[in-house]
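# structure, please.
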Amino acid sequence: MEKARSYEIVLFWLKEKLGRNQFLILSGILVGLTAGLAGVLLKTIVHNIHYFITQKLYFEYQILFYIIFPFAGIVLTTMIVLAIFKGQDRKGIGAILYEIAKNSSIVASVKMYSQIIQSAVTVGLGGSAGLESPIAVTGAAIGSNYAQTYQLTYKERTLLLAAGATAGIASAFNAPIAGIMFAFEILLTGVVFTDFIPLVVAAVCGSLLSRILLQEDVLFRFYTRDSFNYLNTPYYFILGIITGLYARYFLFISQKVEHFINSRNFSKIKTAMFGGVVLSVLCVLFPPFFGEGYDTVKAYTAGNINSIIENSFFRYFEIREWTIIIFLIFLCLLKAFATSFTIFSGGNGGNFAPSLFAGGTLGFLFSFICQQLGFHDVPVTNLVLVGMAGALSGVLYAPLTAIFLIAESSFGYDLFIPLMIVSVISYIIAKWFSSISPELKTLAEEGKIFTNRHDQNLLSTLNIRDFIDPKSRTIQIDAGIEKVFDLIKDSRKNNFAIVNEENTLKGFLTIDDLRPYLFKEEKPESIKEIMKIPPALIRENDSLYQILQVFDDTDTWNLPVIRDDNKFVGFISKSAILTGYRKLLKDYS
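All right, here's what the predicted structure looks like:
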């Protein structure tokens, strides 16, 4: 504790002495080193678990650990979530995007280590998912909590949150530029920034730690490839279409599996057991589904397809060309199921590694078929590499991340043209099916995450409760008309809600509605004769963007707000919302 206090005192002193930009750069370095170290730690833990399971444990029949460990990984992860983290299992990039948009970029401190523990158990024991999303969430939590500790503003907190995620991705792949692209394409969508140096230094720190500390066989590295030949361009165009369509298939299966699991009325433990059984069966039939699958992709680039098949049930067939093709087709089709059941039944992981695995498999399958059709000089390794980029681009809606990730991981900067062709085509196809990633579409439609619509993003940060008039006046529907006039004389309000004894809204009145009767001897017998039905009703959980649309559609400036049970809450003013929006816009600019 003493060391921690001394450390914080020094940083608070530096914050006072340094300029804002200087302190942010220092913060980027510290956050980058910490998040990078977390990424290295997670990769090392999972690698050692895999090594222990596959090399040190002895099973008379190898099939046993494909049965036991994937099942155990999902069930143990679920038990850890329930016992240690009290059932708080929100995971994935969507959770971080929600914190940026709706929680002022404040991420719970527990996420600085919970994601490491859960994903290490899931993927380490054979879960068919990736470590990159948990690493990014861990880094984001580190950056957010650092910013909270040193009392930084929302924009600075968001910047360091992104810096932590950037460093995590950079350390996972030893790819600093890809980490930066990930931050800009996915995390900072709809957020305007002029400061980006902290992202750069964080990415460099994460990548350096990865290069220094990770063993060569842990790194995501590809050393064998062919030089780019423009005559092979048609291969890349076709592969771009294939990976784009596959990405849509992958996301479609993911959504269907999630819906299927959520529609079952199982307890979390039963759900985990069910998903574990499905995953274990898939791993028995297709051992490449065990873990992240990067070793399988490296085998593709080395041309060792037989070593992949020999542990599967396909070894009982004569290994011929048709055997290899059918095997690879099954790998592509079933990978989406293996990953989805891993994640949605209780495991922890992401779609980074699965999309790279599937893309590499597609690239190898496509090149193998081309060879069987008699085409010569097919660039097999290049098609595997750009296939990974294409699938990642279409699944994550992040073409720049995909391009730079593969370029940096393969030292393949001369492959930029085919990488761009495949990634962009895949991305265009994905956008054609859905303008927003299906994984994030529901959150986007509910206004819970930022999109590319900047005005809507700003409005989503405002809270409807801040604009409801707390002093809104109500009139009982059975009140005498004279009492109503007396109430209006003593009030400065222009709008009055008509409610019953249960405070249920029945109608409303304005001063303009009552003014014609102020100086007449003949007055209405009942308030029911002059009250009006509101042109529209606002619900407490409506977004301000939706509310402004209602104001425009009804051409009004004040509307009543009600709860789901129709109880009156208060009036909300269009002018108040616009004033709040202008103030927020001024702060951002």
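# can I assume Thr556 is in contact with Ile538?
No: with contacts counted by C-beta atoms under 8 Å, Thr556 stays clear of Ile538, the gap being 10.7 Å. C-beta: built from backbone N, CA, C; applies to glycine.
# looking at the two, which is more packed in?
Ile538 (22 against 14; other C-beta atoms under 10 Å).
# contact partners for the nearest residue to the more buried one once chain neighbours are set aside?
Leaving out its chain neighbours, the residue that sits closest to Ile538 by C-beta to C-beta, 6 or more residues apart in numbering is Val561, at 4.5 Å. Val561 makes contact with Ile464, Ile468, Leu537, Ile538, Arg539, Glu540, Phe568, Val569, Gly570, Phe571, Ile572, according to C-beta atoms under 8 Å, 6 or more residues apart in numbering.
# I'd guessed the last one sits against Thr556; true?
Meaning Ile572. No: using C-beta under 8 Å, Ile572 is not in contact with Thr556, being 10.6 Å away.
# and the helix or strand where Val121 lies, what does it pack against?
Per DSSP states H and E: Val121 is located in helix 111-124. Helix 111-124 sits against helix 20-51, helix 63-83, helix 132-149, with contacts defined as 3 or more C-beta pairs under 8 Å, 6 or more residues apart in numbering; DSSP states H and E.
# what packs against the longest one?
When contacts are defined as 3+ C-beta pairs under 8 Å, 6+ apart, helix 20-51 packs onto helix 2-17, helix 111-124, helix 132-149, helix 154-173, helix 197-213.
# any idea how far that helix is from the chain center?
Centroid separation between helix 20-51 and its chain, computed with C-alpha atoms, centre = their mean, to the nearest Å, is 20 Å.
# and what of stretch 322-341?
Offset of stretch 322-341 from its chain centre (C-alpha atoms, centre = their mean): 25 Å.
# CA atoms only: put it into CSV for me.
What follows is stretch 322-341, C-alpha atoms only, in CSV (Å, rounded to 0.1, in the frame of the first residue of the first chain):
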residue,chain,number,x,y,z
TRP,A,322,-11.7,-34.9,-52.1
THR,A,323,-11.1,-35.9,-48.5
ILE,A,324,-9.1,-32.7,-47.9
ILE,A,325,-11.7,-30.5,-49.6
ILE,A,326,-14.6,-32.0,-47.6
PHE,A,327,-12.6,-31.7,-44.4
LEU,A,328,-11.8,-28.0,-45.0
ILE,A,329,-15.4,-27.2,-45.9
PHE,A,330,-16.6,-28.8,-42.6
LEU,A,331,-14.0,-26.8,-40.7
CYS,A,332,-15.3,-23.5,-42.2
LEU,A,333,-18.9,-24.3,-41.7
LEU,A,334,-18.7,-25.7,-38.2
LYS,A,335,-16.2,-23.1,-36.8
ALA,A,336,-19.0,-20.6,-36.5
PHE,A,337,-20.9,-23.1,-34.3
ALA,A,338,-17.9,-24.0,-32.2
THR,A,339,-17.1,-20.4,-31.4
SER,A,340,-20.7,-19.3,-30.8
PHE,A,341,-21.4,-22.2,-28.4
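# in that stretch, what counts as buried?
324, 327-328, 330-332, 334-341 (16 or more other C-beta atoms under 10 Å).
# again, but for stretch 9-27
Within stretch 9-27, the residues scored as buried using 16+ other C-beta under 10 Å are Leu11, Lys15, Phe23, Leu24, Ile25, Leu26, Ser27.
# please enumerate the strands of the stretch 351-500 of the chain.
Taking DSSP state E, counting those that start in this stretch to define them, one finds strands in the stretch 351-500 of the chain at 473-476, 495-499.
# now mean neighbour count, distance to Ala203 and mean pLDDT too, for those strands, in JSON lines please.
Listed next are the strands of the stretch 351-500 of the chain as JSON lines, based on neighbours: other C-beta atoms under 10 Å; distance: least, C-beta to C-beta, whole Å; pLDDT from 0 to 100:
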{"stretch": "strand 473-476", "mean neighbour count": "18", "distance to Ala203": "57", "mean pLDDT": "82"}
{"stretch": "strand 495-499", "mean neighbour count": "22", "distance to Ala203": "54", "mean pLDDT": "84"}
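# between these, which gets nearest to Asn232?
Nearest of these to Asn232, taken as C-beta to C-beta: strand 495-499 at 70.0 Å.
# tell me the helix or strand right after that closest one.
strand 505-510.
# low-confidence stretches in the stretch 1-150 of the chain?
For the stretch 1-150 of the chain, the stretches with pLDDT under 70 are 1-5, 7, 57-62, 88-89.
# rewinding a little: mind picking the two most distant members of the contacts of Val561?
Ile464 and Phe568 (14.8 Å).
# so these two - more neighbours on which side?
For Ile464 versus Phe568, the count of surrounding residues by other C-beta under 10 Å is larger for Phe568: 22 against 19.
# quick one on the thing from earlier: mind giving me the ChimeraX select for the contacts of Val561, buried ones only?
Per 16+ other C-beta under 10 Å, the buried members of those correspond to this ChimeraX selection:
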select :464,468,538,568,569,570,571,572
